[in-house]
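Colleague: Structure here, sequence nowhere to be found:
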């Protein structure tokens, strides 16, 4: 005898209901709203939603907060990385790293030693 299993039969009816409901709210839905709509315990709904986030099927907008919205993850809602700017061309003179001399005596702190590793270390002064 061969045992066949279907993924939908292994899931709980609550999870199937939540998976059917989340895509209907593209801006997200809170666990309390889903629990009230499905007439289920909020804690059970929260557990199912957290598992969906862990499995990569949903996105949590503010994890760990009570008013967290959950969004069904589709191709359109996939998180994209921030744009990067390539500024690795040209030369760098490091002028913002030079000591500031716009005010009189503003670099006097460089004359006093710092304690690093139990030893006094004097800073180099370019002023």
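Modeller: Great, that's in hand. Owing to the predicted nature of the structure, the values given are computational and were not obtained by experimental measurement. Numbering: from 1, shown residues only.
Colleague: ok, how many other residues are close to the closest residue to residue 68 other than its chain neighbours?
Modeller: Among residues not flanking residue 68 along the chain, residue 62 sits closest, at 5.0 Å (C-beta to C-beta, 6 or more residues apart in numbering). (Each C-beta comes from the backbone N, C-alpha and C, glycine too.) By the measure other C-beta atoms under 10 Å, the count of residues near residue 62 is 9.
Colleague: any idea which element residue 62 lies in?
Modeller: According to DSSP states H and E, residue 62 maps onto no helix or strand at all.
Colleague: Give me the below-cutoff pLDDT ranges for the chain.
Modeller: Within the chain, the stretches with pLDDT under 70 are 1-11, 64, 66, 74-82, 84-88, 124-127.
Colleague: Just the helices from it, written as ranges.
Modeller: Counting by DSSP state H, residue ranges of the helices within the chain are 7-10, 13-21, 31-38, 42-54.
Colleague: Helix 13-21 and the longest one, what's the angle between them?
Modeller: In other words, helix 42-54. With axes from the mean of the first three to the mean of the last three C-alpha atoms, to 10 degrees applied, the angle from helix 42-54 to helix 13-21 works out at 60 degrees.
Colleague: Break the chain down into its structural domains.
Modeller: Split into domains by automatic domain parsing, the chain comes to 11-72, 98-127.
Colleague: which residues in the chain form strands?
Modeller: 29-30, 58-60, 69-72, 114-116, 119-121 (DSSP state E).
Colleague: Those into CSV, with extra columns for distance to residue 48 and mean neighbour count?
Modeller: Putting the strands of the chain into CSV (distance: least, C-beta to C-beta, whole Å; neighbours: other C-beta atoms under 10 Å) gives the following:
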stretch, distance to residue 48, mean neighbour count
strand 29-30, 13, 20
strand 58-60, 10, 19
strand 69-72, 10, 20
strand 114-116, 53, 9
strand 119-121, 57, 9
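Colleague: how about the ones you listed in CSV, adding distance to residue 102?
Modeller: Compiled in CSV, those are given as follows (distance: least, C-beta to C-beta, whole Å):
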stretch, distance to residue 102
strand 29-30, 52
strand 58-60, 47
strand 69-72, 48
strand 114-116, 23
strand 119-121, 26
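Colleague: If anything else comes up later, I'll come back, but that's it for now.
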